[in-house]
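Colleague: Give me a model of this one.
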Amino acid sequence: MRIRCTASASFFLSLPFLSSAAQARSATDPIRDLDAYAAKAVAEWRVPGLAIAVVKDGRIVFAKGYGVREAGKVAPVDTQTLFAIGSTTKAMTAASIGMLVDEGKLRWDDRVTKILPSFQLADPYVTREITIRDLLTHRAGLGNADVLWYRTDNSPEEVVRRVRFADPAYSLRSSFIYQNVMYAVAGQVVAAASGMPWEQFVRTRIFGPVGMPNTVPLLDSARRRSNVASPHYRLGDTIRVVTNASVDAVAPAGAVWASVADMARWTRFVLDSARVDGRRLLKPESYAEWLKPETMVTPEEFYPTARLTKPHWRTYAFGWFQEDYSGRMVDFHTGSIDGMVAIIGLIPDERLGVYVLANLDHAEVRHALMYRVFDAYLGNPPRDWSADLLRLYGGMRAAADSARSRAEARRIPNTRPSLPLDQYAGTYADSLVGEVTVTLDKGKLRLRASSTHAGTLEHWEYDTFRLRWDNTWEGSDYATFTIGRDGSPSRLDLEGAMLRRVDRQRASAQR
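Modeller: Next comes the predicted model:
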């Protein structure tokens, strides 16, 4: 696909929020070649559109858009184009908690049930002991649990209610597994302590004071804007537009949409100890807590980039991953949701920050641009991070393809389902997942998990079927039926969940 790079030099130089230093690039400017490098990297990664901003010493020294909002169309990405910022939202939720701590409305180590009395997890001990600090540091003992919200019809309240059915993955505070639902709970803490919904709180207490007029907290708000990027996914050799996956059910974990101009101001705010025009939005003590290392991150839960950067340590703070790079401490976080990516990277000791937004799924050019800027200001020898990361992630994709091929080779040939296809149809349910329905449509089994999540079941082997989701970029899963003693399906195993057939039980009860 041909990448069209937009945002001319004259447009770039006229941006009112750029410092005079950015408007008069000299031979001694560390990022004098960033514009050309970013344009080249965008083309190498085949990203339809990208925006980047750099903050140094309290000034926005670079901000520019590249490419287009949607492949096949001419509308350009500029510094005001809205993208999903994904999980870089988490730091905003943690900052919101910090503001309420400053006001004496709660404490970091308050038990969650003190603020939310009805909150419940599977383990009564964890329910009683879990604190707000635990919510913000991915150490609450839960596994991923995105099945509770990703492309479901669950309300935010239902997501938090159902988390009590999620089995513990490890003991409280003994490990780290990245988790979105606990940040949704943190958003409910914000609402309960402040008296206003999370989305209203971040609008009035963060977006307004920091100067982020083009930032909205929910997907529904972003859809009403005109200058908005569309998400894209690479399928084979084709870059395709895909549908947005709403994060609104766990909004405090990653639902914000923003422009790079606004996120540059957010970056400057964070680097300036949470001050705006000299006025603090967080007290020094809460600011220090916000960026303090809280828990060790296991290698499996960290970024593959560590294979190249080789950090000596990896930690997590309140909405921030952390590592050492070139002798400095780095606070950073990515955001990823179907077809959209973001990254924020900070070296506080250098008063240096980078923010990148792009509209291609897992386009790791975001890391390449961040480290390129870091190297430039740290005086490191130039390194082509784009090329190095293309090789790294290309190798990972090839390994994943090989693993899939090996799995397919293990398929047992010439087997048949135990029953006629129509007998697998029915409703299956689990307390965590909810209900899914299986129907026979034109000779094919169809599975529907929600209004936006459905697919076709193709026979694989015996009573196992491969579920190909209608949204092709979501890939496929395996669904296995268990035949009961009465000769009909009694259970469906799907994505690690065991769903019991419930339509037969209802019929028996009615008889």
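
Colleague: Residue 209: neighbour count?
Modeller: Neighbour count for residue 209, taken as other C-beta atoms under 10 Å: 13. Any C-beta I mention is one placed from the backbone N, CA and C, and that applies to glycine too.

Colleague: go on, residue 197?
Modeller: Using other C-beta under 10 Å: residue 197 sits among 16 other residues.

Colleague: Just confirm it contacts residue 203, I think it does.
Modeller: No - the criterion here is C-beta atoms under 8 Å, and residue 197 misses it with residue 203 at 9.5 Å.

Colleague: Okay, buried residues for stretch 186-201 please.
Modeller: For stretch 186-201, the neighbour count (16 or more other C-beta atoms under 10 Å) marks 186-191, 193-194, 197-199, 201 as buried.

Colleague: Sorry, slip of the keys, the one I care about is stretch 32-41.
Modeller: Buried, per 16+ other C-beta under 10 Å, within stretch 32-41: 34-35, 37-39, 41.

Colleague: tell me the domain boundaries of the chain?
Modeller: Domain assignment for the chain by automatic domain parsing gives 9-399, 421-510.

Colleague: pLDDT value on residue 408, please?
Modeller: With respect to pLDDT, residue 408 scores 89.

Colleague: Please report the distance of it from residue 235.
Modeller: Residue 408 sits 18 Å away from residue 235, going by C-beta to C-beta, to the nearest Å.

Colleague: Residue 392 now?
Modeller: 21 Å.

Colleague: do the same with residue 456
Modeller: 17 Å.

Colleague: How about residue 304?
Modeller: 22 Å.

Colleague: hey, where'd the helices end up in the stretch 351-500 of the chain?
Modeller: 365-378, 385-409 (DSSP state H, counting those that start in this stretch).

Colleague: what two of the buried residues of stretch 186-201 are the furthest from one another?
Modeller: 193 and 199 (15.1 Å; C-beta to C-beta).

Colleague: Who has more neighbours out of residue 392 and residue 235?
Modeller: residue 392 (17 against 12).

Colleague: Contact partners for residue 437?
Modeller: Shown in contact with residue 437 (C-beta atoms under 8 Å, 6 or more residues apart in numbering): 426-428, 447-448.

Colleague: Just give the number of residues close to residue 469.
Modeller: For residue 469, using other C-beta under 10 Å, the count is 17.

Colleague: Pretty sure it sits against residue 457.
Modeller: No - with contact defined as C-beta under 8 Å, residue 469 does not reach residue 457; the gap is 10.8 Å.

Colleague: looking at this, residue 287 is in a helix?
Modeller: Yes - counting by DSSP: H, G, I helix; E, B strand; the rest coil, residue 287 falls inside a helix.

Colleague: Would you map the strands across the stretch 101-250 of the chain?
Modeller: 232-235, 238-241 (DSSP state E, counting those that start in this stretch).

Colleague: buried residues in the first one?
Modeller: Just to be clear, that refers to strand 232-235. Applying 16+ other C-beta under 10 Å to strand 232-235 flags 232-234 as buried.

Colleague: which of those lies closest to residue 207?
Modeller: Closest to residue 207, out of all of the buried residues of strand 232-235 and judged by C-beta to C-beta, is residue 232, at 26.6 Å.

Colleague: Tell me how far the closest one lies from residue 419.
Modeller: 41 Å.

Colleague: Neighbours of residue 494, how many?
Modeller: Neighbours of residue 494 using other C-beta under 10 Å come to 22.

Colleague: thinking again about what came up before, compare the helices of the stretch 351-500 of the chain and say which comes out lowest on pLDDT.
Modeller: helix 385-409 (a mean of 94).

Colleague: Where does pLDDT dip in the stretch 151-300 of the chain?
Modeller: Across the stretch 151-300 of the chain, nothing is flagged by pLDDT under 70.

Colleague: a helix runs through residue 64, doesn't it?
Modeller: No - Residue 64 is assigned strand when assessed by three-state DSSP, not a helix.

Colleague: Thought residue 50 was touching it, still the case?
Modeller: No - if you go by C-beta under 8 Å, residue 64 and residue 50 don't touch, sitting 9.1 Å apart.

Colleague: wait, residue 250 sits on residue 159?
Modeller: Yes - between residue 250 and residue 159 there is a contact at 6.1 Å, judged by C-beta under 8 Å.

Colleague: Find the residues that touch each one of those two.
Modeller: Common neighbours of residue 250 and residue 159 (C-beta under 8 Å, 6+ apart) are 149, 181, 184.

Colleague: Make JSON lines out of those residues and add neighbour count and distance to residue 217.
Modeller: As requested, those are exported to JSON lines (neighbours: other C-beta atoms under 10 Å; distance: C-beta to C-beta, whole Å):
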{"residue": "149", "neighbour count": "25", "distance to residue 217": "16"}
{"residue": "181", "neighbour count": "24", "distance to residue 217": "18"}
{"residue": "184", "neighbour count": "27", "distance to residue 217": "13"}
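
Colleague: What is the burial count for residue 223?
Modeller: Residue 223, neighbours per other C-beta under 10 Å, totals 13.

Colleague: got the contact list for it?
Modeller: residue 244.

Colleague: Would you quantify the distance from it to residue 230?
Modeller: Taking C-beta to C-beta, one finds residue 223 at 11 Å from residue 230.

Colleague: for residue 465, same thing?
Modeller: 32 Å.

Colleague: same deal with residue 484?
Modeller: 46 Å.

Colleague: Kindly report the same for residue 125.
Modeller: 46 Å.

Colleague: So for the two, which sits in the more crowded spot?
Modeller: residue 230 (21 against 12).

Colleague: now, among the buried residues of strand 232-235, which is nearest to residue 477?
Modeller: residue 233 (17.2 Å).

Colleague: Quick one: residues contacting the closest residue to residue 123 other than its chain neighbours.
Modeller: Among residues not flanking residue 123 along the chain, residue 168 sits closest, at 5.6 Å (C-beta to C-beta, 6 or more residues apart in numbering). Counting by C-beta under 8 Å, 6+ apart, residue 168 makes contact with 121-123, 126, 141-142.

Colleague: go again using 10 Å as the cut-off
Modeller: With contact set as C-beta atoms under 10 Å, 6 or more residues apart in numbering, residue 168 has these partners: 121-123, 125-126, 140-143.

Colleague: so how far is residue 159 from residue 143?
Modeller: 15 Å.

Colleague: Those two: which has the busier surroundings?
Modeller: With neighbours defined as other C-beta under 10 Å, residue 143 and residue 159 compare such that residue 159 has more, 19 against 15.

Colleague: Relative to residue 30, how far out is residue 352?
Modeller: For residue 352, the distance to residue 30 - C-beta to C-beta - is 10 Å.

Colleague: List the contacts of residue 408.
Modeller: With C-beta under 10 Å, 6+ apart, residue 408 has these contacts: 460, 466.

Colleague: Drop anything exposed from the contacts of residue 437.
Modeller: Buried among the contacts of residue 437 by 16+ other C-beta under 10 Å: 426-428, 447.

Colleague: Report the set of residues contacting both of residue 223 and residue 230.
Modeller: Common neighbours of residue 223 and residue 230 (C-beta under 10 Å, 6+ apart) are residue 244.

Colleague: Need the CA coordinates for stretch 241-256. CSV is fine.
Modeller: Listed next in CSV are the C-alpha coordinates belonging to stretch 241-256 (Å, rounded to 0.1, in the frame of the first residue of the first chain):
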residue,chain,number,x,y,z
VAL,A,241,-10.2,-0.8,7.8
VAL,A,242,-11.8,-2.6,10.7
THR,A,243,-14.5,-1.6,13.2
ASN,A,244,-13.8,0.1,16.5
ALA,A,245,-13.8,-2.1,19.5
SER,A,246,-15.4,-0.2,22.3
VAL,A,247,-13.6,0.0,25.6
ASP,A,248,-16.4,2.0,27.2
ALA,A,249,-17.4,-0.9,29.5
VAL,A,250,-14.0,-0.6,31.2
ALA,A,251,-13.5,3.1,30.3
PRO,A,252,-11.0,4.0,33.0
ALA,A,253,-8.7,1.3,31.7
GLY,A,254,-8.5,2.7,28.1
ALA,A,255,-11.4,4.5,26.5
VAL,A,256,-10.0,8.0,26.0
